[in-house]
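Colleague: Sharing a model that was predicted from the sequence below.
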Amino acid sequence: MMPTRRQLLCTMLPTIATTFSEQGGCQRRPLPFCKYSIRTGWSASTVSEYIARRATTEDQSGVPQVVAEIRETLDIDTDFDVLIAEHEDNAFATIAGGRKILVVDVGFLDRLNRMTGTAWAAIQVIAHEVGHHVAGFGMDSHQNELNADYWSGQTLQRLGASASATTRAIMRVGTDNDTPSHPNRFRRRSSMLAGWHDAAAGRIDFSKCLGCR
Amino acid sequence: MQSRIDKSKHLPRGTASKCMHSQRLVLTLLAAALISAAKASAQAPISCESAVSQLQAYAQQVNAIAQVEYYQGIPARCGMNAYCAQALLTQLTAWFGQQSTQINNWYTTIQRVCSERRTARRPKQTDPTEAIDVDDLDVEQDDRQVRIRIPSNPSGYRRRVQ
């Protein structure tokens, strides 16, 4: 079996050696190897994401093209850096170095599509991550998630998804109870549906966005 | 001149060279141990996956050694002697860089050999009667190109492409 792209990241070792030689004798910084964190760069720490590549506008994954359509449908002009992760089973939005970043594990999205039986599942996840940037990042993580869900509902209705296809992914993989970082799947479905129905009625609830007023 | 006076004030004669000598010895022994382990495992034919895992393990050991040396070895040997620490750090950096180059070269080799193997094993498309190798099917599955698209219908059900 061929090495996966995750393993390919080891070819970045010369970068690591340079980092090490530049740090001088006093600074206490971890020596990086084979892991890249968008927060700390190449790192040996446990918090890291395997980033396979930065996606170009014509990326083979199709994610930047989907993001472009979402931007258009929401009428936002924000530029995003789309990073493709592998073997993370995750997608997330963050801000690093002043850039709005979307990290997406395409393999995970593909599995989610197959698990739920609808190709809207992947789009909902991407729209949710874009929704984080639209809504802004507040102190209440549950509210952040619900706001992002609202925007994903808005987005999917405008893109043509049915209400049931919009919420299928969260009902399939969401939790029954609240977790420290995420609300339970029922609350999240309600928020998505609120966004979906608002979009269908031509409304936008700007209370779901910290910086919109 | 100034730096020479400073050195003689803080650094007992021969300290730096002793430090460097012991550091060199430690790194040489570690490198020898790692290389002999790698050679031992390289003697038996192994799969591509296993070769990459072993290289990963080796690289992690290199990284771990560098960490220990940086945070424990050098401070323990040099104490507050900045000259000694700087000298050992330079050496450690050189060793780390050398290991990095070596690991990258090994990785490139593994990648090349594995690509060649894979190409050689792939059945010819012009011969439909040729038996399908299960391994080849696995490779295809692993390398399957995933592309995310916005569905064209509200339910988002996908038709199977034959």
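Modeller: Arrived safely, thanks for sending. Residues are numbered from 1 along each chain as shown, chains lettered A, B, ... in the order given.

Colleague: could you pull out the helices for chain B?
Modeller: Secondary structure of chain B by DSSP state H: the helices cover B:2-10, B:15-43, B:48-68, B:74-78, B:82-121, B:134-142.

Colleague: and the fourth one, what's its mean pLDDT?
Modeller: Same thing as helix B:74-78. Average pLDDT, helix B:74-78: 84.

Colleague: That helix: which residues count as buried?
Modeller: Judged by neighbour count using 16 or more other CB atoms under 10 Å in any protein chain shown, the buried positions of helix B:74-78 are B:74, B:77-78. Yep, even glycine has a C-beta here, placed from its N, CA and C like the rest.

Colleague: likewise stretch B:107-118?
Modeller: Those would be B:107, B:110-111, B:114, B:118, for stretch B:107-118 by 16+ other CB under 10 Å.

Colleague: same deal with stretch B:91-106?
Modeller: For stretch B:91-106, using 16+ other CB under 10 Å, the buried residues are B:91-93, B:95-97, B:99-100, B:102-104, B:106.

Colleague: Could you work out the end-to-end span of stretch A:164-182 for me?
Modeller: Terminal residues of stretch A:164-182 lie 21 Å apart, using CA to CA, to the nearest Å.

Colleague: no no, stretch A:84-100
Modeller: 14 Å.

Colleague: swap in stretch A:92-104?
Modeller: 7 Å.

Colleague: quick check, stretch B:58-70 touching chain A?
Modeller: Yes: applying CB under 8 Å from any CB of the partner chain, one finds that stretch B:58-70 is in contact with chain A at B:59-60, B:62-63, B:66-67, B:70.

Colleague: How about stretch B:98-107 and chain A, any contact?
Modeller: Yes: using CB under 8 Å from any CB, stretch B:98-107 reaches chain A at B:100-101, B:103-104, B:107.

Colleague: neighbours of the residue nearest to B:Cys114 when sequence neighbours are not counted, just the number please.
Modeller: Among residues not flanking B:Cys114 along the chain, B:Cys48 sits closest, at 3.8 Å (CB to CB, 6 or more residues apart in numbering or on different chains). B:Cys48: 18 surrounding residues under other CB atoms under 10 Å in any protein chain shown.

Colleague: Over to A:Asp176?
Modeller: By other CB under 10 Å, the residues close to A:Asp176 number 7.

Colleague: B:Ala85 now?
Modeller: B:Ala85: 21 neighbours (other CB under 10 Å).

Colleague: Can you tell me how far it is from chain A?
Modeller: 5 Å (CB to the nearest CB, to the nearest Å).

Colleague: same check, this time on B:Thr90
Modeller: From B:Thr90 to chain A the distance is 8 Å (CB to the nearest CB).

Colleague: Then B:Tyr58?
Modeller: Distance from B:Tyr58 to chain A, by CB to the nearest CB: 10 Å.

Colleague: Could you dump the buried residues of stretch B:107-118 into TSV and include pLDDT?
Modeller: As requested, the buried residues of stretch B:107-118 are exported to TSV (pLDDT from 0 to 100):
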residue	pLDDT
B:Tyr107	75
B:Ile110	76
B:Gln111	72
B:Cys114	74
B:Arg118	58
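
Colleague: now, which of those sits nearest A:Glu72?
Modeller: A:Glu72 lies nearest to B:Gln111 out of the buried residues of stretch B:107-118, by CB to CB, at 39.3 Å.

Colleague: touching chain B at all, the helix or strand A:Val134 falls within?
Modeller: Assessed by DSSP states H and E, A:Val134 sits inside helix A:120-135. Yes: counting by CB under 8 Å from any CB, contacts between helix A:120-135 and chain B involve A:120-123, A:126.

Colleague: remind me which residues of chain B are low pLDDT?
Modeller: B:1-45, B:117-144, B:158-162 (pLDDT under 70).

Colleague: Apart from its chain neighbours, what residue comes closest to B:Ala85?
Modeller: Per CB to CB, 6+ apart, closest to B:Ala85 is B:Cys78, 4.3 Å.

Colleague: The one you found touches B:Cys84, doesn't it?
Modeller: Yes: counting by CB atoms under 8 Å, B:Cys78 does reach B:Cys84; the two are 3.7 Å apart.

Colleague: hey, what's the residue positioned nearest the centre of chain A bridged with?
Modeller: The residue lying closest to the centre of chain A (CA atoms, centre = their mean) is A:Phe92, at 2.8 Å. For A:Phe92, the beta-bridge partners are A:Val103 (DSSP bridges).
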